[in-house]
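Q: can you look at this prediction? I've put the sequence above it.
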Amino acid sequence: MPNPDELHVLRKEIQTDLAAVERLARDLAEARGRLPAQPTQENLAYLAYLLHGIYTGWESAFHRIAVTFENRLDPARWHAQLLRRMSLDLPGIRPAVIDAESRERLEELRAFRHFFRHSYSVRLRPRRLTGVLETYDEVAPVVAADLKRFLDNLDTMANVSEQTP
């Protein structure tokens, strides 16, 4: 179990990641509100960029948790492994960060982020992006609640650790 100082640092780092995600989410809402009926590739690319950033912010928080509590991820497949790990309840180590349903939805966003990152010669399709945005709309409030609950658990773990001789 990490010591209380490590847990406090982790809490602050996750809060920083979540603040960045919130800024990107506001930008995404604003951009969606201005989206023309016939979006251009530029419009779609900006939405995709924001989705990429939001997922990366969540992934950064998850990675910090994994490094603090479990310490190892397979360098070859760590993105997929990370989501699986976050849905595991590890008694004596840490509680689950997300549930299985959130993990499935986040897998869709992870796949899109991977596509966006590596698709330098592919045009974005409005219908595909609409599906990704719908997934984001469903999972964003759930992930926010999951991470808030985890932050509350960090406080409890830090207090217990401080009281344990």
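A: Yep, that arrived. From a predicted model like this one, the values you see are computed outputs, not experimental measurements.
Q: quick one, strands of the chain?
A: For the chain, no strands are identified by DSSP state E.
Q: can you check which helix is longest in it?
A: Of all the elements of type helix in the chain, the one with the most residues (DSSP state H) is helix 126-163.
Q: that helix packs against which elements?
A: For helix 126-163, the packing partners by 3 or more C-beta pairs under 8 Å, 6 or more residues apart in numbering; DSSP states H and E come out as helix 4-33, helix 41-69, helix 100-118. No exception for glycine: its C-beta is placed from N, CA and C like everyone else's.
Q: now do that helix and helix 100-118, the angle between them.
A: 120 degrees (axes from the mean of the first three to the mean of the last three C-alpha atoms, to 10 degrees).
Q: just to revisit the earlier point, now tabulate the helices and strands packed on helix 126-163 in CSV and tack on mean pLDDT.
A: Below are the helices and strands packed on helix 126-163 laid out as CSV (pLDDT from 0 to 100):
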stretch, mean pLDDT
helix 4-33, 96
helix 41-69, 95
helix 100-118, 90
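Q: in JSON lines: those helices, plus distance to residue 76 and mean neighbour count.
A: Shown next, in JSON lines, are the helices and strands packed on helix 126-163 (distance: least, C-beta to C-beta, whole Å; neighbours: other C-beta atoms under 10 Å):
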{"stretch": "helix 4-33", "distance to residue 76": "24", "mean neighbour count": "16"}
{"stretch": "helix 41-69", "distance to residue 76": "15", "mean neighbour count": "19"}
{"stretch": "helix 100-118", "distance to residue 76": "14", "mean neighbour count": "17"}
